[in-house]
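Visitor: Next input, structure requested:
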Amino acid sequence: MSNKNKKKSGIVYSTNPNYSYDEDASEQEILAKSQQKLYVRREVRNGKPCVVIKEFVGSSDDLKALERALKSHCGVGGSAKDGDIIIQGDFHAKVKSYLEGKGYKTKG
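Guide: Model prediction:
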């Protein structure tokens, strides 16, 4: 990647000699398990049933850990991306009861 693409954009020029760029420390909000409300839905993707968990708020490591725990609990495959967890197969009741047992609030 060239240096021109690494530069910060937004402010092109400032006449203020004391101006400094604010670092984009966009920390993602992390909620406790009991404060999160996860939506558990049945969907059909590529003609096969799956369970999709949406609205997870937390770090990507927490998302991956929850995805890994759900896959091992159900004994199936799945993936986690963009804040959603996809579990292959029709395990809606099993996933929902597991999440509620871990302290998450679920809907759907």
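
Visitor: For the rest of this, base every contact and every neighbour count on C-alpha atoms.
Guide: Noted.

Visitor: Angles on the backbone of the closest residue to residue 58 other than its chain neighbours, please.
Guide: Among residues not flanking residue 58 along the chain, residue 30 sits closest, at 4.6 Å (C-alpha to C-alpha, 6 or more residues apart in numbering). Residue 30 adopts backbone torsions of phi -120, psi 120, taken as degrees, to the nearest 10.

Visitor: Residue 16 now?
Guide: Dihedral angles (degrees, to the nearest 10) for residue 16: phi -80, psi 120.

Visitor: same thing with the one 3 residues further on?
Guide: Dihedral angles of residue 19 (phi, psi; degrees, to the nearest 10) stand at phi -70, psi 140.

Visitor: Now for it, how many residues are close by?
Guide: For residue 19, the count of nearby residues is 9 (other C-alpha atoms under 10 Å).

Visitor: what pLDDT does it get?
Guide: Here the pLDDT value assigned to residue 19 is 74.

Visitor: Then the one 3 residues further on?
Guide: We have a pLDDT of 66 for residue 22.

Visitor: Looks to me like residue 53 is in a strand.
Guide: Yes. Applying DSSP: H, G, I helix; E, B strand; the rest coil, one finds residue 53 inside a strand.

Visitor: Bridged to it, which residues?
Guide: residue 40, residue 85 (DSSP bridges).

Visitor: so it touches residue 84, yeah?
Guide: Yes. Counting by C-alpha atoms under 8 Å, residue 53 touches residue 84, with 5.6 Å between them.

Visitor: got the contact list for the nearest residue to residue 37 once chain neighbours are set aside?
Guide: Among residues not flanking residue 37 along the chain, residue 105 sits closest, at 4.8 Å (C-alpha to C-alpha, 6+ apart). Residue 105 makes contacts with 33-38, 99, as judged by C-alpha atoms under 8 Å, 6 or more residues apart in numbering.

Visitor: Neighbour count for residue 53 and residue 84, which is higher?
Guide: residue 53 (23 against 18).

Visitor: if I pick the more buried one, what's in contact with it?
Guide: 38-41, 84-86.

Visitor: Report the buried members of those residues.
Guide: 38-41, 84-86 (16 or more other C-alpha atoms under 10 Å).
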